[in-house]
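# this one's structure only:
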C-alpha cells in the first residue's frame, strides 16, 4: 500500500502534460470544496432553526404536561397534590384549565383558547420573558394576558377599564335555546399585559386566573384540564413519568416539549432531510467531475503506467494508485470545504452576516454530528467515484 500511496501523492501534486488536465483537476477539487461547504452550512442552518424553535417553546411550554385519558378535565385531589410535590426531580407544578372561549371587544369578535393558571405558573414558565407590554397580575382574578396578534385584531391595549374585554363560554346542556344570552356564561376582564412569542401562539391564548376559568366553565375548585411541571436539571424524566402514572392510576398521559410540538419537529426533520438530499446532489455532481478528471489523468499518465507495469507493478497496484488519488482529492476537498463552512458559521454567529429581521440574525448551530455526517457522506461518495475511475483501467492500457 505504501507504493501506490506514494505514486498517488506524486501524481496528485504534479502538473499534467497539458494545462487542460490541470484545469479539469482544479475544477473537480473546487466542486468537492463547494459541495462540502454547502452541505455543512445547510445542515447547520436547519440545526439552528430547530434550536431557535426549541428556545421559544422552552419559554412557553413546560418540561412535562399531564393530560386526562378520558374527557377534557379531571379531578386533582389534595392527596395527589402532596404526592406530586414529593416526586424526586420535580421543582414545581401548576394547575391549568384550557378551553375554547369567545372574545368580544367593541363588537370586534374572535375565538381563542382561555388558559387558566394558578399562582405557581410563574414557577413553571418564565412568564416575565413572555410579556411584551404591561405585566402579569396573578393576584387579580379579573386580569388577563393576551397575545399581540389578538391585541392587533381587536385593537385592544392594556389597562382599559372603561371598555373591558368580554369572555363568553358556551353552557353545557341539552334542549332548545330560547334566549341566546342564556346559552353563554360571560365575564368582563381587564387586559393587564400582552405577550409576544410566535404568530401561532399570539393568536391562540388568553391567559387568565384559574378561578376565572373555573367560573366560566362551571367547574369545582379541584378540576383541571392539565398539570404542567418543571423538572430539575438532574431529574430522570422516565422515572418522573412512572411516578405520575402511579399517582393517577394510569388515567393520564404525559407529553414533554418535543411531543407537545410533534408536528413542528416532524416538519423540521422532513425539511432537514430534503435539504440534505438536495445538497448531497451538489456533491454527487462534483464527484462526477472527479471521475472525469481522474479518467483524463489516467489517459495523460498512460506512458508512465506502462513503465510501472514493465517494472513489476500489477494491474491491482495501478488501480490502487488512482483509487487513492481520488480519495486524497476527496479528503483534501472535504477538509477545506468543511473548514471554510465552519469559518462562515462562526462569522454568522458573531456578526450576523445574514439577517431574518432587523434584529434577528439567521440562526446557525455548529454541531459535530452534522460535521461527521458531511464527512461520512463525502467519503462514501468519494469511494464510489474513485472505484469507478480506477476500475476503468484495463490491462490493454498498460500492456
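That came through fine. Source: prediction; values computed, not measured.
# If I follow the layout properly, residue 344 ends up in contact with residue 37?
Yes - between residue 344 and residue 37 there is a contact at 7.5 Å, judged by C-beta atoms under 8 Å. Where you see a C-beta, it was placed from the backbone N, CA and C, and this is true even at glycine.
# Quick check: pLDDT value at residue 304.
On pLDDT, residue 304 comes in at 78.
# how close does it sit to residue 241?
The gap separating residue 304 from residue 241 is 68 Å, by C-beta to C-beta, to the nearest Å.
# ok so, going back, looking at residue 344 and residue 37, which is more packed in?
residue 37 (24 against 17; other C-beta atoms under 10 Å).
# per-residue pLDDT, that one?
So, for residue 37, pLDDT stands at 95.
# The one 4 residues further on now?
Per-residue confidence at residue 41 stands at 94 (pLDDT).
# Which neighbouring elements make contact with the helix or strand hosting residue 274?
Assigned by DSSP states H and E, residue 274 belongs to helix 262-300. Secondary-structure packing of helix 262-300 (3 or more C-beta pairs under 8 Å, 6 or more residues apart in numbering; DSSP states H and E): helix 19-60, helix 315-351, helix 368-390.
# what angle separates the last one from helix 19-60?
Counting by axes from the mean of the first three to the mean of the last three C-alpha atoms, to 10 degrees, helix 368-390 points 160 degrees away from the direction of helix 19-60.
# Taking helix 262-300 as reference, get the angle to helix 368-390.
30 degrees.
# Can you mark which positions in helix 368-390 are buried?
370-371, 374-375, 377-378, 381-382, 385-390 (16 or more other C-beta atoms under 10 Å).
# The second one now?
Burial within helix 315-351, assessed by neighbour count using 16+ other C-beta under 10 Å, is assigned to 318-330, 333-334, 336-338, 340-342, 344-345, 348-349.
# How far off centre is it?
28 Å (C-alpha atoms, centre = their mean, to the nearest Å).
# so after the helix holding residue 274, what's the next helix or strand?
helix 302-310.
# name the helices or strands packed onto that following helix?
Using 3+ C-beta pairs under 8 Å, 6+ apart, helix 302-310 is in contact with helix 315-351, helix 395-398.
# List the buried residues for it?
304-305, 308-309.
# relative orientation of that helix and helix 315-351 in degrees?
Using the same axes, to 10 degrees: helix 302-310 against helix 315-351 is 130 degrees.
# can you redo the helices and strands packed on helix 262-300 as JSON lines with distance to residue 142?
Formatted as JSON lines, the helices and strands packed on helix 262-300 follow (distance: least, C-beta to C-beta, whole Å):
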{"stretch": "helix 19-60", "distance to residue 142": "23"}
{"stretch": "helix 315-351", "distance to residue 142": "45"}
{"stretch": "helix 368-390", "distance to residue 142": "50"}
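# Mind splitting this structure into its structural domains?
Domain assignment for the chain, taken from automatic domain parsing, gives 2-57+264-398, 62-258.
# pLDDT on the host helix or strand of residue 93, on average?
Per DSSP H and E: residue 93 is located in strand 90-105. Taken as a whole, strand 90-105 has a mean pLDDT of 96.
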